[in-house]
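[1] The sequence and its predicted three-dimensional model are supplied below.
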Amino acid sequence: GQHGHAAAAPAARPKAKGGASRPSHTPCKQTKVCFYEHCPSPVQSNKWRTVTAGTAAGGQAWGDLVGKTLCDSCYSTYRKHGTLVRSIRTPEGWTRVDGDGTVRPSQGRGGGGKRATQQ
């Protein structure tokens, strides 16, 4: 059972040469987090958008979000709908998560919402 002992060889770890010791190189590498608290994946995005006073995408009112960082997905949701709330699929049907965290069934989005009322 002499497995796994050789794996601890120091060759597995490169010497600290230009690794984590040079933060000055890419200041934008800090982890960004989507401002929207109900974002389905707040830390995973290939594109981050910071809302500025000049942002007017989709003709929406972006005032509340100026200076906030949104993932690309939340940004496009707001651009299209004027809200960060997106409809999510639940076992009961389609539901909207509101900004204050309350979940309300939304009407007329791909049926099946009625049968959930009998318990």
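    Okay, I see it. Note that the structure is predicted; figures quoted are calculated from it, not measured.

[2] Read off the pLDDT value for the residue nearest to residue 68 when sequence neighbours are not counted.
    Distances taken as C-beta to C-beta, 6 or more residues apart in numbering place residue 35 nearest to residue 68, at 3.9 Å, with adjacent residues excluded. From N, CA and C alone the C-beta is placed, and that goes for glycine too. pLDDT for residue 35: 96.

[3] Residue 35 belongs to a strand?
    No: applying DSSP: H, G, I helix; E, B strand; the rest coil, one finds residue 35 to be coil, outside a strand.

[4] That one touches residue 66, doesn't it?
    No: the pair residue 35 / residue 66 is not scored as a contact, 10.9 Å apart, by C-beta atoms under 8 Å.

[5] need the strands for this structure, in chain order.
    Per DSSP state E, the chain carries strands over the ranges 48-50, 69-71, 87-90, 93-97, 103-105.
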